[in-house]
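Participant: Sequence first, then the predicted structure:
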Amino acid sequence: MNLGAKVTQKQLMNVLLNVAVTRPVFIWGAPGIGKSALVEEFASQVGLPCVSLLGSQLAPEDIIGVPQIINGKTEFCPPTMIAKDEPYCLFLDELNACSQEVQKSFYSLIHDRRVGNYTLPEGSIVIGAGNRAQDSAIVKTMSSALINRMFHAQLHVSHKEWLEWAMGASIHPLVIEYLQVRPDHLWKQPPKHEEPFSTPRSWHMLSDALYEYGDENLTTEIIGILAEGCISPQHAAQFKAFYKQSDTKYYLNKILAGEMKFPSAPEDRDILYFLVQSFRAQIIKELPPTNEKISGTQRNFAHQAKSLIKDLAAISHEMAQLVVVNQEDEDNLPNWFMTEIIRDLPRLVDRKDK
């Protein structure tokens, strides 16, 4: 399904500043990636109060109002949260979670900025937002008439932009440091079953919890409890290991620089798992998809990576396999690098990955 162009947080802000002032905009995106916060920030930038309505909790009369007889004629009186005297930004969140009847009540509000006899004050702005069908969220089909009344953009999570924001927003240092190492853990596709999952919102929630406990009260056990309550289980386990390895001074950059070895003690198994996953992510980040125009620096890194994989295999064959074996729903190592692994370290790769 084509939901409009994919845009980052900064790109969406520019869209709102240039398009939303003249036409209604609908923002598509997964839960927890910052749609509501961006709209509130936009309203603040243009100097308008923001009034948010949650589509999944609305009935038609919440929009068009209730009828009253005035001078022998029936008139619909819209609610005070909509019928304001001064211009404002009307944010229709979860718009595609409304029933068809509620969606119909939005037609004139979105297209003509009018409800019954009430017209939004000059300078008012209307913005809608909603989750996508693949997000395991409550969504209903939007009518073509409603879709055609709005400009559409699909918000995409930018790790770089979020980390820039996080540093200025006093997000807990542990969260920032972890996501600098594993930026791919900032967001995860919502699961089809009930469990916490990682989003910018859930990382922010974890940051708040860490601050409330205070650094002096944090232990490995507490870190695990807090992480498991906010983010994806796999990410929570690695965040816990990250906290533990920060105490034991195992750092991937030191391992890559040859200043430290992968930990081999049985009690450091969780730390080793975290470092292995981080090492895999670093290989994917550093090496190009093809080796046609590979630089000397990248070629040296590839040689170094193969040497470290060999060292890792001496500690744990299973952990070394985690680096090279294809993983479902994740980016994988470049094919040319895998060909070299198969050639130089054939025992690490299962036949199905050859």
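Facilitator: That came through fine.

Participant: in stretch 215-234, what's buried?
Facilitator: Neighbour-count burial for stretch 215-234, counted by 16 or more other CB atoms under 10 Å, picks out 223-224, 226-228, 230-232. Where you see a C-beta, it was placed from the backbone N, CA and C, and this is true even at glycine.

Participant: in the stretch 101-250 of the chain, which spans are strands?
Facilitator: 114-115, 118-119, 125-130, 151-155 (DSSP state E, counting those that start in this stretch).

Participant: contact partners of the third one?
Facilitator: Applying CB atoms under 8 Å, 6 or more residues apart in numbering, the contact partners of strand 125-130 are 16, 20-21, 24-29, 35-36, 39, 42-43, 46, 48, 55, 87-97, 109-110, 113, 120, 139, 142, 150.

Participant: and it, how far from the chain's centre?
Facilitator: Taking CA atoms, centre = their mean, to the nearest Å, one finds the center of strand 125-130 at 19 Å from the center of the full chain.

Participant: That one pairs with which strands?
Facilitator: Sheet pairing of strand 125-130 (DSSP bridges) gives strand 25-28 (parallel), strand 89-93 (parallel).

Participant: Report the angle between it and strand 151-155.
Facilitator: If you take axes from the mean of the first three to the mean of the last three CA atoms, to 10 degrees, strand 125-130 sits at 50 degrees to strand 151-155.

Participant: I'd like the mean pLDDT over strand 125-130, please.
Facilitator: In this model, strand 125-130 has a mean pLDDT of 92.

Participant: what does the first one give?
Facilitator: The average pLDDT within strand 114-115 is 80.

Participant: Okay, now the sheet partners of it, with direction.
Facilitator: Using DSSP bridges, the strands paired with strand 114-115 are strand 118-119 (antiparallel).

Participant: got a list of contacts for the partner strand?
Facilitator: Strand 118-119 has contacts (CB under 8 Å, 6+ apart) with 78, 82-83, 112-113.

Participant: ok, 10 Å please
Facilitator: Residues from elsewhere that reach strand 118-119 (CB atoms under 10 Å, 6 or more residues apart in numbering): 64-65, 75-78, 82-84, 108-109, 112-113.

Participant: Restricted to helices, list those.
Facilitator: Under the assignment DSSP state H, the contacts of strand 118-119 contribute 64, 108-109 to helices.

Participant: quick check, nearest of these to Thr8?
Facilitator: Proximity of the ones in helices among the contacts of strand 118-119 to Thr8 (CB to CB) peaks at Leu109, which lies at 28.8 Å.

Participant: Pro24 is in contact with the closest one, correct?
Facilitator: Yes - contact criterion CB atoms under 10 Å: Leu109 and Pro24 qualify, at 9.0 Å.

Participant: Now do the shared contacts for those two.
Facilitator: 90, 92, 126, 149.

Participant: most neighbours, which of these?
Facilitator: Highest neighbour count within the shared contacts of Leu109 and Pro24, by other CB atoms under 10 Å: Leu92, with 27 neighbours.

Participant: who's that residue bridged to?
Facilitator: Those that pair with Leu92 in a beta bridge, by DSSP bridges, are Leu53, Gly128.

Participant: so what's it scoring on pLDDT?
Facilitator: In the predicted model, Leu92 carries a pLDDT score of 90.

Participant: quick one, what contacts it?
Facilitator: Counting by CB under 10 Å, 6+ apart, Leu92 makes contact with 24, 26, 39, 51-55, 58, 63, 98, 102, 106, 109-110, 126-130, 150.

Participant: do that again at 8 Å, thanks
Facilitator: By CB under 8 Å, 6+ apart, the contact list for Leu92 reads 53, 55, 106, 110, 126-129.

Participant: And for His152?
Facilitator: By CB under 8 Å, 6+ apart, the contact list for His152 reads 3-4, 25-26, 28.

Participant: now those in JSON lines, with distance to Leu275, pLDDT and neighbour count?
Facilitator: Shown next, in JSON lines, are the contacts of His152 (distance: CB to CB, whole Å; pLDDT from 0 to 100; neighbours: other CB atoms under 10 Å):
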{"residue": "Leu3", "distance to Leu275": "37", "pLDDT": "70", "neighbour count": "16"}
{"residue": "Gly4", "distance to Leu275": "39", "pLDDT": "74", "neighbour count": "16"}
{"residue": "Val25", "distance to Leu275": "43", "pLDDT": "95", "neighbour count": "23"}
{"residue": "Phe26", "distance to Leu275": "43", "pLDDT": "95", "neighbour count": "24"}
{"residue": "Trp28", "distance to Leu275": "37", "pLDDT": "93", "neighbour count": "21"}
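
Participant: now for those residues, which pair is the farthest apart?
Facilitator: By the measure CB to CB, Leu3 and Val25 form the most distant pair in the contacts of His152, at 12.8 Å.

Participant: returning to that earlier point: out of the contacts of strand 118-119, which are buried?
Facilitator: Buried by 16+ other CB under 10 Å: 64-65, 77-78, 82-84, 108-109, 113, out of the contacts of strand 118-119.

Participant: Among the strands paired with strand 125-130, single out whichever gets nearest to Ala265.
Facilitator: strand 25-28 (47.7 Å).

Participant: need the next SSE after the closest one, C-terminal direction.
Facilitator: Per DSSP states H and E, the first helix or strand lying C-terminal to strand 25-28 is helix 35-45.

Participant: now that following helix: mean pLDDT?
Facilitator: 95.

Participant: Specify the angle between that helix and strand 89-93 in degrees.
Facilitator: Using the same axes, to 10 degrees: helix 35-45 against strand 89-93 is 180 degrees.
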